[in-house]
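Engineer: next come a sequence and a model predicted from it.
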Amino acid sequence: EVQLVESGGGLVQAGGSLRLSCAASGLTFDDYAIGWFRQAPEKEREGVSCISSSDGSTYYTDSVEGRFTIFSDNAKNRVYLQMNSLKPEDTAVYYCAAGYGVSWAPGDYDYWGQGTQVTVSS
């Protein structure tokens, strides 16, 4: 059984930092692209960042470029999202997802975690 478990969310003031972690069991990140998505209340789920399993290429949506960093520790089977200079508009539930290729479309990912809440206060 495949499981993805996110952790690291919390409440932080604007300008602060958080590091989200996505731990996997039942699959190895070597074989999958990993995406971080977020969903704010009454908004659609949006892609934030993703990392390719084939060459480690990383991708960021414009609103987080330069502030967020995605990286993997394949030995630990974890993918992280380092979030710096957080803004109130970053407030959302953050999900990690595993799929067979890098994509911004949530439907292209096969496995999802349960999400972790990130709240940025102004």
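Structural biologist: Looks like it came in fine.

Engineer: strands along this structure, start to end?
Structural biologist: 3-7, 10-13, 18-25, 33-39, 46-51, 58-60, 68-73, 78-83, 92-99, 109-112, 116-121 (DSSP state E).

Engineer: distance of the residue most central in space within the chain from residue 26?
Structural biologist: The centre of the chain sits closest to residue 36, judged by CA atoms, centre = their mean, with a distance of 2.4 Å. Distance, residue 36 to residue 26, by CB to CB, to the nearest Å: 19 Å. Every C-beta, even on glycine, is put in place using the N, C-alpha and C of the backbone.

Engineer: got it, and residue 91?
Structural biologist: 30 Å.

Engineer: the two: who's more crowded?
Structural biologist: Higher neighbour count among residue 91 and residue 26: residue 91, with 19 against 11, using other CB atoms under 10 Å.

Engineer: how about the contacts made by the more buried one?
Structural biologist: When the contact criterion is CB atoms under 8 Å, 6 or more residues apart in numbering, the partners of residue 91 are 40, 118, 119, 120.

Engineer: name the residue most distant from the centre of the chain?
Structural biologist: Distance-from-mean max, the chain, by CA atoms, centre = their mean: residue 122 at 22.3 Å.

Engineer: tell me the contacts of residue 56?
Structural biologist: Counting by CB under 8 Å, 6+ apart, residue 56 makes contact with residue 72.

Engineer: just give the closest residue to residue 38, not the sequence neighbours.
Structural biologist: Spatial nearest neighbour of residue 38, excluding adjacent residues (CB to CB, 6 or more residues apart in numbering): residue 92 at 3.8 Å.

Engineer: partners of the one you found in the sheet?
Structural biologist: Beta-bridge pairing for residue 92 (DSSP bridges): residue 118.

Engineer: enumerate every residue touching the residue lying closest to residue 122 once chain neighbours are set aside.
Structural biologist: Using CB to CB, 6+ apart and skipping residues adjacent in sequence, the residue nearest residue 122 is residue 88, 4.7 Å away. Going by CB under 8 Å, 6+ apart, residue 88 touches 14, 120, 121, 122.
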